[in-house]
Structures are given as structure tokens and as C-alpha cells.
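Q: just to be clear, the model below is a prediction. Sequence and coordinates:
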Amino acid sequence: MSTTSLILLYLAAALAISRLPMFRVYFSLCNTLIEKIIHVLAVVVTREGKSNKIKLYKNGSGETTNIVDSKIKKVMIVYIGYTGTLILAMGLFYLLSFNKFDWVIYFFIGLLVISILLWIRNFFGVLWALSFATLLAVPLYFRNEAAIMHISIFLSSLILIQAIINAFHVIRQSYNTEGKPGALEKIARIPAVICGIALLGQSLYAAYFIFNHVLNFKAAMIRFELLEIVQTMERFIT
């Protein structure tokens, strides 16, 4: 099966896993960690307060210990966290387009190791990061090229899907019967539905950009690849 077919399959798999309680938290923490790292780096770059600790929790959420006085900068830091994951997803798919599958794995392992050393400061977070890094290191150690390819495509798809799902979560918060505001709404008093629509719009544009400019997906090609997927699934079922 071609790389194009695998990407389509793993985008669907990432979406399905995001709905399964058994796997949702474990894999969504990858996106959460990236978002919180971007928050930390944003605070460092703006020189506004201190933020050198990240805590990851069993429900898939996370937090950073930062003190930022300016509300505008708080909004920008939160927004950069959402947007940064999209930019990262675009970069990962760019590597996939050149078949640099091992580079994707090395990137995630390096990110996890650096996070353990510099930022993650709770036991569950460290345990999760160690286990995730170990799982990624196994195919590299044995030089299993097929496993490296599949894992790199899945991780890239997961980051993109999670970014889109996060935008939907922000929109859903606007209809929360308990009236609990989201992060951006708490800081800037921006209605959650407006925040969500803005984030969803840029998420969908990022997906469009990836398909059309990075992977060069064409309508005819997509139809052909979908047909190939259906035929493969039929052979597997029968």
C-alpha cells in the first residue's frame, strides 16, 4: 500500500483512537505535551514570568506553572499553544512527503527526553514520557523500517487530528450547561464559540494545506487511493 493510502488510513485510525477511552488519554498526552512545551517556550521568548514546569494528568490534560501579568500576553501564549501544534503537524507531514520516517521518530524521542530533563515535574508525566519514548525506540533499535514508517505516519496523523478535535472542544465549551469558560475565554472574555471557530478554521486550513501543498493530494488521486483501501479491506475481510 502506498504512503498516501497509509496516511488516509491513519488519519481515520487517529480519529477512532481519540474516541476510545483505553487509548485516548495515552496518545492524546503527546499533543498535550507539545502544546505545553510551546507555552513554556513562549513565556521564555516573551520574557514574561517564569514557566519551567509541566504537569501531565491521567485524564489527558496538562498544565504549566507560569506567572504572566499581562492578559494580552496570556491570550497570545494560549493561542500560540494551539497554533504551534498545527505548525508542527505541517512540518511532520513535510518530512513524510520526503519519506523521512525515522526523522519523525527521532524528533519525538528527543522531545520526550528533553521534556523529562527540563520540564515535566510530576510522577505520572515522567512515567508516561518514559514509556512512550521506550515504545518509539524499539523499532529504531531493531531497524524495523516498516514499523518506523507506520508509527511515524500515525504520530503525524494523531497530532493533526488532535489539533482539530481541540478546536471542536473549545466550541463545545460555549454550549456547556454549567457555563464553565475555556482558557481563552477566562483570560480575554472572548466567547468560546468565537475562539473555537477561529481555531477550527485554521485547523481545517492546515489540513487543506497539508493535503494540497505538502502531499499534493488531488481529487482523482484520493478517489483512486480510497478505492485501493476498500479493495485491501475486502481482501482482509474475506
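A: Right, received. Where do you want to start?
Q: look up how far Leu160 lies from Leu88.
A: Taking C-beta to C-beta, to the nearest Å as the measure, Leu88 falls 9 Å from Leu160. The C-beta positions use only the backbone N, C-alpha and C, and glycine is treated the same way.
Q: what does Tyr208 give?
A: Tyr208 sits 11 Å away from Leu160, going by C-beta to C-beta.
Q: please apply the same query to Met149.
A: 17 Å.
Q: quick revisit: neighbour count for Leu88 and Leu160, which is higher?
A: Counted by other C-beta atoms under 10 Å, Leu88 and Leu160 do not tie: Leu160 has more neighbours, with 26 against 21.
Q: you'd agree the more buried one is up against Leu15?
A: No. Between Leu160 and Leu15 there is no contact under C-beta atoms under 8 Å: 10.0 Å.
Q: just to be sure, Lys53 is in a strand?
A: Yes. Assessed by DSSP: H, G, I helix; E, B strand; the rest coil, Lys53 belongs to a strand.
Q: and the closest residue in space to Leu200 that isn't next to it in sequence, what does it touch?
A: By the measure of C-beta to C-beta, 6 or more residues apart in numbering, the closest residue to Leu200 outside its immediate chain neighbours is Ala167, 3.8 Å from it. Counting by C-beta atoms under 8 Å, 6 or more residues apart in numbering, Ala167 touches 82, 196, 199-200, 203.
Q: just want the most central residue of this structure.
A: Taking C-alpha atoms, centre = their mean, the centroid of the chain lies closest to Ile159, which sits 2.4 Å from it.
Q: which element is the closest residue to that residue other than its chain neighbours on?
A: Using C-beta to C-beta, 6+ apart and skipping the chain neighbours, the partner closest in space to Ile159 is Ala89 (4.5 Å). For Ala89, the host element (DSSP states H and E) is helix 71-97.
Q: who are the packing partners of that helix?
A: Packing contacts for helix 71-97, counted by 3 or more C-beta pairs under 8 Å, 6 or more residues apart in numbering; DSSP states H and E, involve helix 3-17, helix 21-46, helix 101-118, helix 145-173, helix 183-188, helix 192-209.
Q: which of those has the lowest average pLDDT?
A: Mean pLDDT is lowest for helix 183-188 among the helices and strands packed on helix 71-97, at a mean of 52.
Q: mind listing residues that contact stretch 110-127?
A: Taking C-beta under 8 Å, 6+ apart as the rule, stretch 110-127 contacts 33-34, 36-37, 40, 52-58, 62, 129-130, 132-133, 136.
Q: can you show me the CA trace of stretch 79-91 as PDB?
A: In PDB, the C-alpha atoms belonging to stretch 79-91 read as follows (Å, rounded to 0.1, in the frame of the first residue of the first chain):
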ATOM      1  CA  TYR A  79      -3.300  30.800  21.300                       C
ATOM      2  CA  ILE A  80       0.300  30.000  20.300                       C
ATOM      3  CA  GLY A  81       0.000  26.700  22.100                       C
ATOM      4  CA  TYR A  82      -3.000  25.700  19.900                       C
ATOM      5  CA  THR A  83      -1.400  27.100  16.700                       C
ATOM      6  CA  GLY A  84       2.000  25.700  17.300                       C
ATOM      7  CA  THR A  85       0.700  22.100  17.200                       C
ATOM      8  CA  LEU A  86      -0.700  22.800  13.800                       C
ATOM      9  CA  ILE A  87       2.600  24.200  12.500                       C
ATOM     10  CA  LEU A  88       4.300  21.100  13.900                       C
ATOM     11  CA  ALA A  89       1.800  18.800  12.200                       C
ATOM     12  CA  MET A  90       2.600  20.600   8.900                       C
ATOM     13  CA  GLY A  91       6.300  20.100   9.500                       C
END
